[in-house]
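*Asks:* Build me a structure from this.
(chains A and B)
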Amino acid sequence: AQSVSQHNHHVILSEAASLELGCNYSYGGTVNLFWYVQYPGQHLQLLLKYFSGDPLVKGIKGFEAEFIKSKFSFNLRKPSVQWSDTAEYFCAVNIRGGGNKLTFGTGTQLKVEL
Amino acid sequence: DGGITQSPKYLFRKEGQNVTLSCEQNLNHDAMYWYRQDPGQGLRLIYYSQIVNDFQKGDIAEGYSVSREKKESFPLTVTSAQKNPTAFYLCASSMQGQYSNQPQHFGDGTRLSIL
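*Replies:* This next block holds a predicted model:
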């Protein structure tokens, strides 16, 4: 079975700092990769996804992620964070053609300070 | 607006009691899912259904049951056999696709606590 690791559980940054959240998965086959975000008091929503093509994908609100197949990684980045980026971020994976059910990482709580 | 409605928002269960969490979607999605969210553990899949009248166990199905009699509805029952039911429960839905790359859409969740 596949698994997802998010190594940073809590991250605190100042506004305008750069962000990189790590995500590694374990599965030898072809996968689809997702980042979801949960803002305080809001439902979980899709930030971006990768399933084929350019390994650098861009999402909403200036976020991007790079799929590095050799490292089994899908790290999330943003050049300059804002206070409104304070949220919990989840990396998720599923097996291509294996149904849509997702395996999630444990999440990273990001706090951006003014 | 299309979306997923979970009710109630808060639910309290007495020891030995079964409770049912509601999930309704008007997105015309074929697939629906139930996750449990615990602090520091992310989301874990309880049950999922890819089509009406069919569902499969996820990673932590013990102590839970579901039904899928209608496309729009996927209720979750937390039975008395679930010894640690206090958690945040999330329902999701998605289109089906050959490559499994359709994103899931989530409801606002139900927080279940034990009295």
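*Asks:* which stretches of chain B have low pLDDT?
*Replies:* Chain B contains residues with pLDDT under 70 at B:1.
*Asks:* Remind me which helix or strand the residue most central in space within it belongs to.
*Replies:* Nearest residue to the geometric centre of chain B (CA atoms, centre = their mean): B:Trp34, 2.6 Å. Assigned by DSSP states H and E, B:Trp34 falls within strand B:31-38.
*Asks:* Quick one: residues in contact with stretch A:41-56.
*Replies:* A:32-39, A:57-61, A:63-69, A:74, A:76, A:89-90, A:96, B:4, B:43, B:90, B:92, B:99, B:101, B:103-104, B:106-109 (CB atoms under 8 Å, 6 or more residues apart in numbering or on different chains). (Glycine included, C-beta is placed from N, CA and C.)
*Asks:* out of those residues, which are buried?
*Replies:* Neighbour-count burial (16 or more other CB atoms under 10 Å in any protein chain shown) applied to the contacts of stretch A:41-56 gives A:32-38, A:57, A:59, A:63-67, A:74, A:76, A:89-90, B:4, B:43, B:90, B:92, B:101, B:103-104, B:106-109.
*Asks:* Give me the subset of those residues lying in helices.
*Replies:* Judged by DSSP state H, helices contain none of the buried ones among the contacts of stretch A:41-56.
*Asks:* Poorly predicted segments of chain A, please.
*Replies:* Regions of chain A meeting the criterion pLDDT under 70 are absent.
*Asks:* ok, which residues in it are in contact with chain B?
*Replies:* A:4, A:6, A:9, A:32, A:34, A:36, A:42-46, A:49, A:51-52, A:90, A:92, A:94-107 (CB under 8 Å from any CB of the partner chain).
*Asks:* mind checking how far the residue nearest the centre of chain A is from chain B?
*Replies:* Note on chain A: the residue nearest the mean C-alpha position is A:Trp35, at 3.5 Å, using CA atoms, centre = their mean. Using CB to the nearest CB, to the nearest Å, one obtains 10 Å as the distance from A:Trp35 to chain B.
*Asks:* tally of neighbours for the closest residue to that residue other than its chain neighbours?
*Replies:* Counting by CB to CB, 6 or more residues apart in numbering or on different chains, A:Trp35 lies nearest to A:Leu47, which is 4.2 Å off, once chain neighbours are set aside. Using other CB atoms under 10 Å in any protein chain shown, A:Leu47 has 22 other residues around it.
*Asks:* swap in A:Tyr25?
*Replies:* That count, for A:Tyr25 with other CB under 10 Å as the rule, works out to 18.
*Asks:* Next up, the contacts around it.
*Replies:* A:Tyr25 neighbours (CB under 8 Å, 6+ apart): A:2-5, A:31, A:33, A:72-74, A:91, A:93, A:103.
*Asks:* residue ranges for the strands of chain A, please.
*Replies:* A:3-5, A:10-14, A:19-21, A:24-26, A:31-38, A:45-50, A:56-58, A:64-68, A:73-78, A:87-95, A:103-104, A:108-113 (DSSP state E).
*Asks:* Is it possible to get JSON lines of these that adds distance to B:Asn53?
*Replies:* As requested, these are arranged in JSON lines below (distance: least, CB to CB, whole Å):
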{"stretch": "strand A:3-5", "distance to B:Asn53": "31"}
{"stretch": "strand A:10-14", "distance to B:Asn53": "43"}
{"stretch": "strand A:19-21", "distance to B:Asn53": "40"}
{"stretch": "strand A:24-26", "distance to B:Asn53": "32"}
{"stretch": "strand A:31-38", "distance to B:Asn53": "27"}
{"stretch": "strand A:45-50", "distance to B:Asn53": "28"}
{"stretch": "strand A:56-58", "distance to B:Asn53": "36"}
{"stretch": "strand A:64-68", "distance to B:Asn53": "37"}
{"stretch": "strand A:73-78", "distance to B:Asn53": "35"}
{"stretch": "strand A:87-95", "distance to B:Asn53": "23"}
{"stretch": "strand A:103-104", "distance to B:Asn53": "26"}
{"stretch": "strand A:108-113", "distance to B:Asn53": "38"}
